[in-house]
Structures are given as structure tokens and as C-alpha cells.
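[1] Have a look; sequence and predicted model below, questions after that.
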Amino acid sequence: MIRLPLATFSSACMASLLMLAASATTASAQSTPDAGRLHAADQTFIAEGTKAVATQRDAARIASSRSTDRDVKAFAERISTDNARISDALRAASPRGVDVPKNNPDTAVLASINNLRGAEFDKTYIEQVALAGEQKALSAFQAEIASGRDPQLKAAAQKALPTIQEHYAMAQELAKRKHLPSAAQ
């Protein structure tokens, strides 16, 4: 039997423990992706998808006080409610350690409607927010479904897509009723 001095034995045990701890830390880091490890398509979706949803939601809140048209107000109320749910679902689906903005609307879009009232507000809201904004949201969610790599984000996009498609169809119908040009289908 080989006898090792106590210091050598202790050093060998300590080295083994350190290697075990290092490998556990590496495995843990690999299973918890952060923003730096998130695929580019998923990062783009988080940025663009949350911006589109937040812009729609905040613009709908403005519409409730600036619009004089009951159809526009009803559309805006529906958008506000649905997009608050979609926003919560995106935050819940994001990988741990990835920051999903809670409120990051496109301030230029909101500024373009903020000082308008009545028929002028309704026309601008329908064209810039309802039609163009919903088209941006559709594109972001469809891109995540096609190219995303994170399974939870992809599932959240798939679950939200029918609602966003419905919003876009509602926006097209609203534009048609108000005799405004609607975006191509």
C-alpha cells in the first residue's frame, strides 16, 4: 500500500472538488441561456415583438380618449386588452436571465397621434397604428415562428399569432368601413 502524506491527499481531494464545482457551473450556465447566448432571431423577436405589442397597447389607450368614433374606440379597447395579455405571455416565455422590456413602445408612432383629435385622429390611428402597426406585429411573430430557436418564445409566438391575425383583419375591416385604403392582404 502506498502511503501519501496528508497534505498531498488533501490537495488531491481539493483539486477534485474544484473540478467538480467548475463542471457543475459550466453545465448550469449552458442550461440557462442569457441574452448573449440567445439566437439572433429570438433577440430580434424580443425587441421587435414587444415594441409592436407595446405600441399597439399604448396607442389604444390614447384612442380611448382622443377618438370620437365608437368603432375606433371598440377596436382600441380590444387591442389594449389582448396586447396586455400577449405582453405578459412574452415575458413569461422568455428564458431566465433575458430582459424582456415591459414597456418599450415606438415613441414616434405615439407622438404622431398624441395631439390629434376626432376624425383626424381616427384616420391617422387606423392607418399608422391599426394597419401598419398590426402588420409589423404580424411580421415579428411570423419571423419568430419561422426562424426562432427558443422553444418557449416560439410557442408564445404561435399562441399569439391567431389573435394578431384577427386584429389585422379587424383593422382592415375598420379601414374599409371608414372608407380608408387598407393594406394588402
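    Great, that's in hand. Every value quoted in this text rests on a predicted model; they were computed, and no experiment measured them.
[2] what's the spacing between the closest residue to Asn114 other than its chain neighbours and His39?
    Nearest residue to Asn114 in three dimensions, chain neighbours excluded: Ile62, at 6.2 Å (CB to CB, 6 or more residues apart in numbering). Any C-beta I mention is one placed from the backbone N, CA and C, and that applies to glycine too. Spatial separation of Ile62 from His39 under the definition CB to CB, to the nearest Å is 34 Å.
[3] pLDDT at the most centrally placed residue in the chain, what is it?
    Nearest to the centroid of the C-alpha atoms of the chain, with distances taken as CA atoms, centre = their mean, sits Thr50, at 3.0 Å. Model confidence at Thr50, given as pLDDT, is 93.
[4] what sits against it?
    Going by CB atoms under 8 Å, 6 or more residues apart in numbering, Thr50 touches Ser87, Leu90, Val100, Pro101, Asn104.
[5] Could you say which helix or strand holds it?
    When elements are defined using DSSP states H and E, Thr50 is found to belong to helix 40-66.
[6] May I see the buried residues of that helix?
    Buried residues in helix 40-66, counting neighbours by 16 or more other CB atoms under 10 Å, are found at 41-46, 48-60, 62-63, 66.
[7] re the thing from before, which one of the contacts of Thr50 is nearest to Ala143?
    Within these, distances to Ala143 taken as CB to CB reach their minimum at Leu90, with 14.1 Å.
[8] Helices of the chain, residue ranges please.
    For the chain, the helices identified by DSSP state H occupy 6-31, 40-66, 70-93, 107-114, 118-124, 132-147, 151-177, in order along the chain.
[9] Now for Ser112, how many residues are close by?
    15 (other CB atoms under 10 Å).
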